[in-house]
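**Q** Coordinates for the following, if possible.
(2 chains, ligands or ions: 2)
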Amino acid sequence: MLKMSNISKIYRTELVETHALRELDLHVEEGEFVAVTGPSGSGKTTFLNIAGLLESSTSGLYELDGVDVSQLNDRKRSRIRNEKVGFIFQSFNLIPDLNLADNVDVPLRYRGWSGAERRKAVGDMLDLVGLGSRQNYLPSQLSGGQQQRVAIARALAGKPRFLLADEPTGNLDSEMAGAVMKLLEDINAEGTTIVMVTHDPDLANRADRNIHILDGRASDVIPAISPNVTPLPERGVARV
Amino acid sequence: MKDIGPIFRSLLRNKLGVILIALQIALTLAIVTNAAFIISERSADIARPSGLDESNTAMFITNLFDSNVDQRQLYRDDLEAIRAIPGVLAAAPTQSMPISGSGWGEDLYSNPEMQSNESVNFGKFMVDEHGLEAFDLELVAGRNFTPDEMVTRSFEAMELPKVLIVSQALADSLFPDGDAVNKTVWDEPNGEQPMQIIGIYDHMQNAWPTSENVNRTALTPEISLFGGQMMYVVRAEPGQLDQVMQAAEAYLSKNRSRIVEIVRSYPEQKSRTYSRDIAMVKLLSGVIVILTGVTGLGIIGLAWFSVTQRRKQIGTRRALGATRGDIVRYFMVENWLITSAGLAVGLVGAVGLNWFLDTQYEVGRVPLWYLPVGMAALWLLGQLAVLLPARRAANIPPALATRSV
Ligand SMILES: Nc1ncnc2c1ncn2[C@@H]1O[C@H](COP(=O)(O)OP(=O)(O)O)[C@@H](O)[C@H]1O
Ligand SMILES: [Mg+2]
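**A** Ligands and ions are numbered 1, 2, ... in the order given. Next up, the predicted model:
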């Protein structure tokens, strides 16, 4: 599903060069739920941004879904972001002027779906995250956990195969965080591949696999405490 | 325009700046359409052809203060000398120039029974047989004057002309059925002072730019010797006017018994005549330029501000799959909505302002087609103005979604 080899990312400013990622090698299989951990500044967000095509790497090879995406132009990258990737942000990033339905609708409009298709997907997604009755609310009228659920609905509305989450529970209290985590697990159980950056070891332990990033350097892969690092079909069955 | 719905709903939540800029657009439409209309009216007045070969024509006015000089002979000498100047195409005496603001108006009667309120008013130009060519008039019917038809008007000899050549417009007013050539007309009621129309020329304006009958003129073969003022119209070959004016002025100045009062090209005379209109055209053009400039800058400013405010949102949209084109389009659609709202108000303003100007200053009614043209221009202005901030927005990287808090 996701295959990075030798990925480096260097941020250059006039004064400094920051090696955010150094020759990173990493695989994520279809259907996996991977947690990425590591200290602050170690390059987790950089990794996620490159994985989600929000940024390009300075060097290295990145294959997403069997396609080499490291050399694509901006238009094609936008299209892949829109169709294959869902992104969830730490600070939700809902558009404050738009109601919940319009927020979930945003990626679908870029997708070019018909009005009827979009309305159905928006309704289904908001129902899925338990906010179907609040389509006309503004984000500011919701709690943080509710906002993140809307953001998840937005990320999933276009049926991406690949969900990236950068500390999705970082701004939530533990109860809300647990609910969001539960939602992500359900989504993963339906077949969506998830890569989630988190600081919370408990949440990381609920993932299939943990990847530890340290100093942008090598990607330490340590097995999660949960024992089932097994191929997809079995795990899928196990979870359901 | 698949994005109109959410863009519109989003606009409704950011009313103040939007309302201000929409009002500015409304004001711009109202003022620009009216200003453009006034400019075009004045410019059309200025652009009316005088009938002369304007760029190659000059006028000379001299004042004779020595009463012992034979003025009739001086006319002959002057004209002979001026016509001999290289580059002179034609020269004639006259007592007025078209659109100069000063001249003679008279009335003509097309039959002896006519009452004075039925007479036809016209502008009179007293010339010799060179008048047609000096004024660059084309004889469309009849004939030119002959030298023996010239008369002299003075206190001693009050001769009256027996013939005249009229403009087509005057001929049509006197004889609507056509056929004015060889007809008799009277300079006074009750059959007094008959004259025969011997020719018709195409077109020449009278002395007064705001006259309703500015195209009714006539040439008469006479020279007036009242007072010492003597006036010549000189037409030069193309490109020779400056040199002809210098040579003629040098010649006229040699005679110490007079002063040369005015040596003036016809374009110069015309711009003096229309100086107020030209000033008005410049002022209103300036108003249009400044107003559209300020409105354009206002649109740029508002959009720039909103891009700055929405950086995070734009980065998020990019992260969710918007292309740069989608982002540019967003701001263009948004601007189109704001401009359209402003133009809707501006339409009412434009019509209202025109009604006010027309009732107060009689500027006339703005033709309706000015409104769609003005609207199209402002739509275009808005779209162009928003392009710069929109492109800046499109350059916001998708990574901003995860980087800034
Ligand atoms: N746009 C940028 N320009 C310069 N340096 C950056 C930029 N983004 C991230 N960095 C640097 O790259 C390193 C890794 O950052 P990041 O991936 O955000 O770490 P994490 O998400 O693990 O906290 C940090 O040292 C950070 O300061
Ligand atoms: Mg981070």
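**Q** So residue A:180 sits against residue A:153, correct?
**A** No: between residue A:180 and residue A:153 there is no contact under CB atoms under 8 Å: 11.7 Å. For glycine as for every other residue, the C-beta is placed from the backbone atoms N, C-alpha and C.
**Q** So what's the residue count around residue 46?
**A** If you meant another chain, say so; for now it's chain A. 26 (other CB atoms under 10 Å in any protein chain shown).
**Q** actually chain B
**A** Residue B:46, neighbours per other CB under 10 Å, totals 16.
**Q** do residue B:350 as well
**A** Residue B:350, neighbours per other CB under 10 Å, totals 26.
**Q** Settle this for me: it is touching residue B:29, isn't it.
**A** Yes: here residue B:350 lies in contact with residue B:29, judged by CB under 8 Å, at a distance of 5.6 Å.
**Q** what sits in contact with each of the two?
**A** B:371, B:374 (CB atoms under 8 Å, 6 or more residues apart in numbering or on different chains).
**Q** got the residue ranges for the strands in chain A?
**A** A:2-12, A:17-28, A:33-37, A:59-64, A:67-68, A:85-88, A:162-166, A:193-197, A:209-214, A:217-223 (DSSP state E).
**Q** which of those sits most buried?
**A** Comparing the strands of chain A by mean neighbour count (mean count of other CB atoms under 10 Å in any protein chain shown), strand A:85-88 ranks first with a mean of 26.
**Q** So which elements touch that one?
**A** For strand A:85-88, the elements it packs on are helix A:144-157, strand A:162-166, judged by 3 or more CB pairs under 8 Å, 6 or more residues apart in numbering or on different chains; DSSP states H and E.
**Q** Any chance of a markdown table for those, columns mean pLDDT and distance to ligand 1?
**A** Formatted as a markdown table, these follow (pLDDT from 0 to 100; distance: least, CB to the nearest ligand atom, whole Å):
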| stretch | mean pLDDT | distance to ligand 1 |
| --- | --- | --- |
| helix A:144-157 | 94 | 18 |
| strand A:162-166 | 95 | 7 |
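**Q** wait, which of these is closest to residue B:305?
**A** Between residue B:305 and the helices and strands packed on strand A:85-88, the shortest separation by CB to CB is 25.7 Å, and it involves helix A:144-157.
**Q** So is the closest one next to chain B?
**A** Yes: part of helix A:144-157 sits near chain B under the criterion CB under 8 Å from any CB of the partner chain, namely residue A:154.
**Q** buried stuff in that helix?
**A** Residues A:144-157 are the ones in helix A:144-157 that count as buried (16 or more other CB atoms under 10 Å in any protein chain shown).
**Q** Could I get the average pLDDT for the longest helix along chain A?
**A** Using DSSP state H, we find that the single longest helix of chain A is helix A:174-189. Mean per-residue pLDDT for helix A:174-189: 91.
**Q** Can you point out the buried residues in that helix?
**A** A:176, A:177, A:178, A:179, A:180, A:181, A:183, A:184, A:187, A:188.
**Q** The closest residue to residue B:225 other than its chain neighbours and ligand 1, how far apart?
**A** Leaving aside its chain neighbours, residue B:225 sits nearest to residue B:154 (3.9 Å; criterion: CB to CB, 6 or more residues apart in numbering or on different chains). Taking CB to the nearest ligand atom, to the nearest Å as the criterion, residue B:154 is separated from ligand 1 by 97 Å.
**Q** do residue B:318 as well
**A** 15 Å.
**Q** And chain A, is the helix or strand containing that residue touching that?
**A** Taking DSSP states H and E as the definition, one finds residue B:318 inside helix B:311-319. Yes: using CB under 8 Å from any CB, we find that helix B:311-319 touches chain A at B:312, B:313, B:316, B:317, B:318, B:319.
**Q** Just the angle for that helix relative to strand A:162-166, thanks.
**A** Put simply, helix B:311-319 runs at 160 degrees to strand A:162-166, going by axes from the mean of the first three to the mean of the last three CA atoms, to 10 degrees.
**Q** tell me the angle helix B:311-319 makes with helix A:144-157.
**A** Using the same axes, to 10 degrees, helix B:311-319 lies at 30 degrees relative to helix A:144-157.
**Q** May I see the buried residues of helix B:311-319?
**A** Neighbour-count burial for helix B:311-319 [16+ other CB under 10 Å]: B:312, B:313, B:314, B:315, B:316, B:317, B:318, B:319.
**Q** Specify which member of these is nearest to residue B:158.
**A** Once CB to CB is applied, the member of these that ends up nearest residue B:158 is residue B:314, at 89.3 Å.
**Q** Quick check, the closest one in contact with residue B:393.
**A** Yes: contact status for residue B:314 versus residue B:393: in contact at 5.2 Å, counting by CB under 8 Å.
**Q** got the contact list for the residue in the stretch 301-405 of chain B positioned nearest to chain A?
**A** Using CB to the nearest CB, the single residue of the stretch 301-405 of chain B nearest to chain A is residue B:321, 2.3 Å away. Listed by CB under 8 Å, 6+ apart, the contact set of residue B:321 reads A:78, A:79, A:81, A:82, A:83, A:107, A:110, A:111, A:158.
**Q** Helix or strand for it, just tell me which one.
**A** Counting by DSSP H and E, residue B:321 is part of no helix or strand.
**Q** what would the residues of helix B:311-319 next to chain A look like in TSV with pLDDT?
**A** As requested, these are arranged in TSV below (pLDDT from 0 to 100):
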residue	pLDDT
B:312	95
B:313	95
B:316	96
B:317	96
B:318	97
B:319	96
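**Q** Look up how far ligand 1 lies from residue B:302.
**A** Relative to ligand 1, and taking CB to the nearest ligand atom, residue B:302 is found at 29 Å.
**Q** Stretch A:114-123 and chain B in contact?
**A** No: Stretch A:114-123 lies out of reach of chain B by CB under 8 Å from any CB, never closer than 8.8 Å.
**Q** Contacts only, for the residue in chain A positioned nearest to chain B.
**A** Ranking the residues of chain A by distance to chain B (CB to the nearest CB) places residue A:82 first, at 2.3 Å. Residue A:82 makes contact with A:107, A:110, A:111, A:158, B:320, B:321, B:322, according to CB under 8 Å, 6+ apart.
**Q** need the contact list for residue 86.
**A** Since you didn't name a chain, this refers to chain A. A:154, A:155, A:156, A:158, A:160, A:162, A:163, A:164, A:192.
**Q** wrong chain, I was asking about chain B
**A** Counting by CB under 8 Å, 6+ apart, the residues that residue B:86 touches are B:240, B:243, B:247.
**Q** Point out the residues in chain A that sit beside ligand 1.
**A** A:11, A:13, A:18, A:20, A:38, A:40, A:41, A:42, A:43, A:44, A:45, A:46 (CB under 6 Å from any ligand atom).
**Q** Which of those fall in helices?
**A** Those of the residues of chain A next to ligand 1 lying in helices (DSSP H): A:44, A:45, A:46.
**Q** what's around the residue of the stretch 1-150 of chain B found nearest ligand 1, how many residues?
**A** Going by CB to the nearest ligand atom, ligand 1 is nearest to residue B:10 of the stretch 1-150 of chain B, at 28.0 Å. Here the count is done by other CB under 10 Å, and residue B:10 has 20 residues near it.
**Q** repeat for residue A:75
**A** 11.
**Q** Against residue B:118, how distant is it?
**A** As for residue A:75, its distance to residue B:118 is 80 Å (criterion: CB to CB, to the nearest Å).
**Q** is it true that residue B:48 touches residue B:206?
**A** No: the pair residue B:48 / residue B:206 is not scored as a contact, 11.7 Å apart, by CB under 8 Å.
**Q** could you check the distance from residue B:324 over to residue A:71?
**A** Taking CB to CB, one finds residue B:324 at 18 Å from residue A:71.
**Q** ditto for residue B:302
**A** Relative to residue A:71, and taking CB to CB, residue B:302 is found at 38 Å.
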